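>>> Return a 3D structure for these sequence lines:
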Amino acid sequence: MKINGIHINDFQQFKDFHLDLTYPKGHEKEGQPLDKICFIGQSGTGKTTLLNIIMEFTKKLNSISTNYQLYHKITFNPKADHLKADYSINSKNKDKLKIETDYFINNHVFQLSKGKFSEKNNWDLSIIDNNKVENDTKKINAYVKDIYDNANHFIISYPADINIKHQFVQRTTPNKYYKDEKIIDFYDQKLTPIWSKVYKEIINFKNEEANFRIDLTKRAEVDDVNIKEEIQNWRRGSKNPLTNLANKCLNPIIRNFGLEIEIDLPKIQNINVIRAKSIFNNKIVPFEGLSSGTKQIILTALPLYELNTNNSIVLIDEPEISLFPDIQMMIIDYYTNLAQKAQFFYATHSPIIASSFEPWEIVELKFDYDNGNVFQEKYFEGERHIDNYFIDPRYLRWDSVLKKVFDLKERGNELRVKKLMEIATLESKIKKASDKNEKIELYKEYKKLAELLDWEMK
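Residues are numbered from 1 along each chain as shown. Predicted structure coming up:
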């Protein structure tokens with residue numbers, strides 16, 4: 001399940017706003033939904049609003065797929081149970097349409113629309129088959145069932161203010177897991193169910209090891225057994241769940257923080273939390289002692305690794321929070337590798353994050369002050385073809401990304417501008433100076449100032 005388009009006739013700052021979220025002409029995936037999308041723009045342009053629209057529409061799609069009945073139309077009943085579907089099939093009135101989101105599922109396009117976003121009873125669902133709206137109720141029923149069957153989790157959402165104070169569960173954790181939950185929103189949901197699954201796997205592993213040790217002790221009473229060698233062989237042939245979690249998920253990124261996940265847990269009491277250790281001295285760093293950036297990585301990465309994200313939509317608002325630029329440079333590829341079949345939507349203010357995207361994956365939102373709305377800045381001329389894009393942030397220097405992608409007009413703060421004027425004056429004085437000693441002194445001053453400004457010396 002992926003979104004291939006969003007259309008907004010009139011909602012808040014969006015007027016006649018249309019997003020094509022497919023790969024452009026000339027791309028090897030031409031016409032297919034984008035695998036990842038990055039929303040950028042000034043504060044207030046609607047980046048988070050678009051994430052919220054995706055969330056609300058996908059929640060409704062989940063409601064429709066779980067409660068759909070074999071009727072051509074379903075009328076909203078305000079007295080009915082809140083789980084009853086409040087939508088109609090193929091009754092969309094284009095004049096009243098406000099927002100429409102296109103989902104690409106199992107080679108069919110599902111168009112979910114809402115007339116007035118504030119009204120609960122104004123949803124419409126259409127299924128397009130071979131570019132025609134499908135009216136056969138039995139086919140619609142089968143298609144809607146596909147929605148539910150083809151997504152383990154419809155959507156996984158990480159808010160900008162994800163709670164890094166989330167604590168891992170104690171051993172008394174209930175046996176709940178996210179297996180059957182289609183909507184996972186970490187704004188109010190916790191990491192507890194995911195760690196509960198990991199914890200259960202570790203306990204099973206430790207119990208198997210304990211049973212092996214008991215059997216080994218019994219054998220050692222009658223046979224000549226090298227206990228240490230036997231235990232090492234057993235560990236090499238057994239699957240410690242923390243080994244894959246460490247090597248395939250967390251270690252590749254947290255090593256940049258000087259940390260690794262501790263996989264050798266000799267005591268059951270040490271399994272209550274993920275334990276990180278320093279790669280320099282092997283000392284354990286308690287979870288509460290980790291930096292906010294490290295905690296954020298663990299809290300966002302662990303669900304993407306443990307959950308089945310096939311056909312899922314993942315929303316991440318401001319992924320750069322608490323992360324140093326070197327980690328920002330690798331975080332998008334890192335998330336993509338953890339959930340390779342998911343579709344990602346990001347909202348960011350970071351030029352470093354934006355430089356991880358192809359130009360057709362970036363949606364830059366800008367204010368149209370004359371008309372009082374927001375529009376998408378396009379990075380191509382003519383038809384939407386990969387050869388017609390004139391901005392590609394992947395190939396730009398950081399200052400160029402700020403200028404060409406984030407539209408920053410200033411070359412620096414006032415102090416820098418003042419110093420630039422000084423260095424320009426010094427250049428002029430050096431050229432005009434006739435006295436050799438004067439030139440040397442001026443050049444020393446020029447060189448010192450050039451180093452401060454990271455200026456290319458002439």
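
>>> partners of the helix or strand harbouring residue 346 in the sheet?
Using DSSP states H and E, residue 346 maps to strand 343-347. Partner strands for strand 343-347, per DSSP bridges, with pairing direction: strand 36-41 (parallel), strand 313-317 (parallel).

>>> Tell me the helix or strand right after that strand.
Next helix or strand after strand 343-347 toward the C-terminus (DSSP H and E): helix 351-354.

>>> The helix or strand following that following helix pairs with which strands, and in what direction?
Using DSSP H and E, the helix or strand that follows helix 351-354 in sequence is strand 362-368. Strand pairing for strand 362-368, using DSSP bridges, gives strand 36-41 (parallel), strand 373-377 (antiparallel).

>>> now what about the next helix or strand after the last one, what contacts it?
Going down the chain from strand 373-377, the next helix or strand is helix 398-400, by DSSP H and E. The list of residues contacting helix 398-400 from outside it, by CB atoms under 8 Å, 6 or more residues apart in numbering, reads 351-352, 355. All C-beta spots, glycine's among them, are computed from the backbone N, C-alpha and C.

>>> what's the next secondary structure element after helix 398-400?
Downstream of helix 398-400, the first helix or strand assigned by DSSP H and E is helix 414-432.

>>> Please parse this structure into its domains.
Residue ranges for the domains of the chain, per automatic domain parsing: 2-152+308-405, 191-302, 414-453.

>>> To residue 185, which of those lies closest?
Closest to residue 185 of these is domain 2-152+308-405 (CB to CB; 7.2 Å).

>>> okay, how far is it across that closest one, tip to tip?
Chord length of domain 2-152+308-405, first to last residue, is 26 Å (CA to CA, to the nearest Å).

>>> Report the distance from that domain to the chain centre.
13 Å (CA atoms, centre = their mean, to the nearest Å).

>>> could you show me where the helices are in the stretch 101-250 of the chain, in order?
Taking DSSP state H, counting those that start in this stretch, the helices of the stretch 101-250 of the chain run over residues 137-149, 192-220, 227-237, 241-244.

>>> hey, which strand is longest across this structure?
Ranked by residue count and defined by DSSP state E, the top strand of the chain is strand 2-11.

>>> Which strands and helices lie in contact with the helix or strand just after that one?
Per DSSP H and E, the first helix or strand lying C-terminal to strand 2-11 is strand 14-20. When contacts are defined as 3 or more CB pairs under 8 Å, 6 or more residues apart in numbering; DSSP states H and E, strand 14-20 packs onto strand 2-11, strand 373-377.

>>> Show me which positions of the last one end up buried.
Buried positions in strand 373-377, judged by neighbour count with 16 or more other CB atoms under 10 Å: 373-376.

>>> among the helices and strands of the chain, which one scores worst on average pLDDT?
Considering only helices and strands, the least confidently modelled element of the chain by mean pLDDT, DSSP states H and E is strand 87-89, at a mean of 53.

>>> Any stretches of the stretch 101-250 of the chain with poor pLDDT?
Across the stretch 101-250 of the chain, residues meeting the criterion (pLDDT under 70) sit at 116-122, 163-177, 179-180, 237.

>>> redo that, cut-off 80
Applying pLDDT under 80 to the stretch 101-250 of the chain flags the ranges 106, 115-124, 129-151, 161-180, 188-197, 199, 209-210, 213, 218-228, 230-238.

>>> mind giving me JSON lines with the domains of the chain and columns for distance to residue 160?
As requested, those are exported to JSON lines (distance: least, CB to CB, whole Å):
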{"stretch": "domain 2-152+308-405", "distance to residue 160": "4"}
{"stretch": "domain 191-302", "distance to residue 160": "11"}
{"stretch": "domain 414-453", "distance to residue 160": "30"}
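
>>> tell me the most buried of these?
Burial of the domains of the chain is given as mean neighbour count (mean count of other CB atoms under 10 Å); domain 2-152+308-405 ranks first at a mean of 17.

>>> Can you tell me the closest non-neighbouring residue to the spatially most central residue of the chain?
Nearest to the geometric centre of the chain sits residue 316, at 3.9 Å (CA atoms, centre = their mean). Nearest non-adjacent residue to residue 316, counting by CB to CB, 6 or more residues apart in numbering: residue 158, 4.7 Å away.

>>> Then residue 55?
Nearest-residue entry for residue 55: residue 157, 5.8 Å, with adjacent residues in sequence omitted and distances by CB to CB, 6+ apart.

>>> If that neighbour is in a bridge, with which residues?
With DSSP bridges as the criterion, residue 157 is bridged to residue 185, residue 315.
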